[in-house]
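Engineer: got a structure for you, letters missing:
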């Protein structure tokens, strides 16, 4: 199954360690690489550079909605 994500939407991510992160989906760039931005650090990276397992667990709602996972 191919997942589709909305550009500039923030997603709740579970790392293999169980740690939860909020990453903004930046979309596909050159070379068909998929780019993300870690919302807490501002670090921009592509999926190929991630050396551990992770999964998208939901969409993070905007601050006005309490930053809850949908």
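Structural biologist: Received it, and whenever you're ready, just let me know what you need. Computed from a predicted model, the values in this text were never measured in an experiment.

Engineer: what is residue 38 paired to in the beta sheet?
Structural biologist: For residue 38, the beta-bridge partners are residue 23 (DSSP bridges).

Engineer: burial count for it?
Structural biologist: Look at residue 38: counted by other Cβ atoms under 10 Å, it has 14 neighbours. Quick note: C-beta positions are derived from backbone N, CA and C, even for glycine.

Engineer: Give me the most central residue, the chain.
Structural biologist: Closest to where the C-alpha atoms of the chain average out (Cα atoms, centre = their mean) is residue 23, at 3.2 Å.

Engineer: shaky segments in this protein?
Structural biologist: Low-confidence segments of the chain (pLDDT under 70): 1-3, 62-70.

Engineer: repeat that for 90
Structural biologist: Low-confidence segments of the chain, defined by pLDDT under 90: 1-4, 30, 52, 60-70.

Engineer: So which residues of it form strands?
Structural biologist: All strands of the chain, identified by DSSP state E, fall at 10-15, 20-28, 34-38, 44-46, 54-59.

Engineer: Next, the buried residues of the shortest one.
Structural biologist: It refers to strand 44-46. Using 16 or more other Cβ atoms under 10 Å as the test for burial, strand 44-46 gives 45, 46.

Engineer: which outside residues touch that strand?
Structural biologist: Applying Cβ atoms under 8 Å, 6 or more residues apart in numbering, the contact partners of strand 44-46 are 26, 29, 33, 34, 35, 36, 37, 38.

Engineer: Please indicate which of the residues you listed are buried?
Structural biologist: With burial judged by 16+ other Cβ under 10 Å, the buried subset of these is 26, 35, 36, 37.
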